[in-house]
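**Student:** Need the 3D shape of this:
(2 chains)
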Amino acid sequence: MRWIFPTVLLGLLLAFPPIAAAMGLEFYQGLLTKIMIFALAASSLNLILGYGGMVSFGHAAYFGLGAYTVAILMREGVTSGWVIWAVAVGLSALLALLIGAISLRTRGIYFIMITLAFAQMIYYLVVSFKQYGGEDGLRARRPEFGLFELNDTTLYYLTLGVLLAALYLLYRLVHSRFGRVLQAIRENEARALALGYPVFHFQLVAFVLAGALAGLAGVLMAHYTQYASPNLLAWQQSGHLMMMVILGGVGQFWGGVLGALVLSLVEEILQDLTIHWQLGVGLILLFIVLFAPKGLAGLMRRGS
Amino acid sequence: MSLLELLGLSKQFGGLAAVNNCNLRIEAGEIHALIGPNGAGKTTLINLIAGTLPPSRGQLRFQGENITHLPAHQRVHRGLARTFQITNLFKNYTVRTNLELAVQARAGSSFRFWQPVAQEKHLTEAALAVAEQVGLAGRFERVVGQLSHGEQRQLEVGLALASRPKLLLLDEPMAGLGAEESERMVALIAQLAQHHTILLVEHDMGAVFRLARRISVLVYGQVIASGSPAEIRANPEVHKAYLGDEGGAE
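**Tutor:** Have a look, this model is predicted:
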């Protein structure tokens, strides 16, 4: 029984592009692609924020770095999609390793501020490169993948595949030995240390993995918009991802996906209705924080 | 060779010497009690031994090896495990998960990212064995937050025990226990002492004099006396500094 809902959902997602094309709803195919990209980025943040208890306020750094890697490599004549993906993910992981190795020596509010500070440094660094567009951003042409041509529809399927693979990986991870220790550290760090766990190493590995996945999400975002914008690196973007996780459910497996879905839809709807849409988003977040601390995923779990 | 040796160990907090040039030997197989008035530096000393705090001066030797600069988590793998004075558990987890985590820390690498940990039966079995040892087998699936204070103290000991330590550091295991619960804890410690060396920090003098083979007295961060319970009881300095204050314990 419990397989019926996911199977139907997956079937609908797979069948959506031809249906949308037949009905002239291509806009919604694009919206779904964007939502899936945010779902990947938010899920990666949920790994460290939710499962690891590390409140990183600099997740946009990896997201933006992924997008800029696509734009810059394409501009410099590297056109192989696979090479670009590998470089982008590798660079994001490396950046996360550097930021994590320093930030994870701090705790609480200091950790939040130092991750934010690093992300802002990356933002200003990138914006200062005039040859890469500066504050205007940089066009990111779609690379070649050899096996298929990257257009809106193949990108949709590619994103769906990457998201599913990443979610499977995260699912295995949080239920593994590693995942259990990561959550135990969140619950009680001093005790985890007293049990003999090298707390720092566990946190750093999770931090790097989350950075790499966020970088991959940034790559997909660049493929989607065909443009690397400094906004992807800005602190508002970090906040946006954080809102998705809080809305969807901190430390809940589907938290990142649900948060990305609902926040994106709410933004779309409210933007059509009023220019004060951010007020509406704020009220919804306030409600969630006050009445459903485990987010939408927690509400659904309680309901079922 | 002593199991644990403290050689001139000191810890400064600003101008305050919480532990001051402390020398102590723990022999394998003994229950060694550490007593002293409030603020004498007992918990600081435990933190120095466990590696939670770095010493300002001096040396720690465990099984003849210098462990002064070894990180806390590596000391656990060498065979040093501690309990906390203030109960320090995974409160939202079950007794089972608490103990499984403790077992997992010593049973193979935890940098395993793929296999579901819930399927590792041997962790559960080892956790259950520890639960039985500390008298919590009947509470195995309970969430820790729902346990009585006494049961939580038992689990506190269980978590340290699960790492199969050579030396157990018990920081006031009787803290906050009622008479009956204290009795149970004394029995538990006596039973553990058959297979473990124990450093016991405790305020309950009745328990200390019943359990300990050797007692060291810490006052203002210094060991002022070390000896058998009879020697400590007869020591006039100890009386003046400590036992006298409590109206001659026992």
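
**Student:** quick one: the helices in the stretch 51-200 of chain A?
**Tutor:** A:60-75, A:81-103, A:108-127, A:152-174, A:177-187, A:189-194, A:199-225 (DSSP state H, counting those that start in this stretch).

**Student:** try chain B
**Tutor:** Counting by DSSP state H, chain B has these helices, from start to end: B:42-50, B:72-78, B:95-106, B:121-133, B:149-161, B:179-192, B:205-211, B:229-234, B:236-241.

**Student:** Run through the residues of the stretch 151-300 of chain A sitting next to chain B.
**Tutor:** Contact residues (C-beta under 8 Å from any C-beta of the partner chain) of the stretch 151-300 of chain A with chain B: A:172-173, A:175-181, A:184, A:187-188, A:190-199, A:201-202, A:205. For every residue, glycine as well, the C-beta is placed using N, CA and C.

**Student:** Pull out the buried members of those residues.
**Tutor:** Buried members of these, counted by 16 or more other C-beta atoms under 10 Å in any protein chain shown: A:173, A:175-181, A:184, A:187-188, A:191-199, A:202, A:205.

**Student:** Can you name the residues that contact the most far-flung residue of chain A relative to its centre?
**Tutor:** Within chain A, the residue lying farthest from the chain centre (C-alpha atoms, centre = their mean) is residue A:194, at 33.0 Å. Residues near residue A:194 by C-beta atoms under 8 Å, 6 or more residues apart in numbering or on different chains: B:50, B:52, B:72, B:76, B:81, B:82, B:84, B:88, B:159, B:160.

**Student:** Need phi/psi at whichever residue of the stretch 151-300 of chain A sits closest to chain B.
**Tutor:** With C-beta to the nearest C-beta as the measure, residue A:196 is the residue of the stretch 151-300 of chain A nearest to chain B, at 3.1 Å. Torsion angles at residue A:196 (phi, psi; degrees, to the nearest 10) stand at phi 110, psi 20.

**Student:** List the residues that contact it.
**Tutor:** B:73, B:74, B:76, B:77, B:81, B:105, B:106, B:163.

**Student:** for these, which one is nearest chain A?
**Tutor:** Once C-beta to the nearest C-beta is applied, the member of the contacts of residue A:196 that ends up nearest chain A is residue B:76, at 3.1 Å.

**Student:** And the pLDDT for the nearest residue to that closest one once chain neighbours are set aside?
**Tutor:** Counting by C-beta to C-beta, 6 or more residues apart in numbering or on different chains, residue B:76 lies nearest to residue A:196, which is 3.1 Å off, once chain neighbours are set aside. If you check residue A:196, the pLDDT there is 94.

**Student:** out of the helices of chain B, deepest packed?
**Tutor:** helix B:95-106 (a mean of 26; mean count of other C-beta atoms under 10 Å in any protein chain shown).

**Student:** Please see if that one touches chain A.
**Tutor:** Yes: using C-beta under 8 Å from any C-beta, helix B:95-106 comes into contact with chain A via B:97, B:101, B:102, B:104, B:105, B:106.

**Student:** What pLDDT does the model give the residue nearest to the spatial centre of chain A?
**Tutor:** In chain A, the C-alpha nearest the mean C-alpha coordinate belongs to residue A:41, at 0.7 Å (C-alpha atoms, centre = their mean). Predicted confidence (pLDDT) for residue A:41: 98.

**Student:** contacting residues around it?
**Tutor:** Residue A:41 is in contact with A:59, A:63, A:213, A:214, A:217, A:218, A:241, A:256, A:260, counting by C-beta under 8 Å, 6+ apart.

**Student:** Low-confidence ranges, the chain, go.
**Tutor:** Here I'm looking at chain A. A:1, A:304 (pLDDT under 70).

**Student:** To clarify, I was referring to chain B.
**Tutor:** B:242-250.

**Student:** could you redo the last one with a cut-off of 90?
**Tutor:** B:1, B:14-17, B:36-40, B:107-110, B:175, B:203-205, B:220, B:235-250 (pLDDT under 90).

**Student:** For stretch A:45-62, buried residues please.
**Tutor:** A:45-62.

**Student:** rewinding a little: can you verify the residue nearest to the centre of chain A is assigned to a helix?
**Tutor:** Yes: counting by DSSP: H, G, I helix; E, B strand; the rest coil, residue A:41 is located in a helix.

**Student:** what's the spacing between it and residue A:191?
**Tutor:** 32 Å (C-beta to C-beta, to the nearest Å).

**Student:** Run through the residues that contact the residue of chain B positioned farthest from its centre.
**Tutor:** Farthest-out residue of chain B from its mean C-alpha position, per C-alpha atoms, centre = their mean: residue B:114, at 34.4 Å. Residues in contact with residue B:114 (C-beta under 8 Å, 6+ apart) are A:172, A:173, A:176.

**Student:** What parts of chain B come near chain A?
**Tutor:** So far as C-beta under 8 Å from any C-beta goes, chain B lies against chain A at B:50, B:52, B:71-74, B:76-77, B:81-82, B:84, B:88-93, B:97, B:101-102, B:104-106, B:109-118, B:120, B:159-160, B:162-163.
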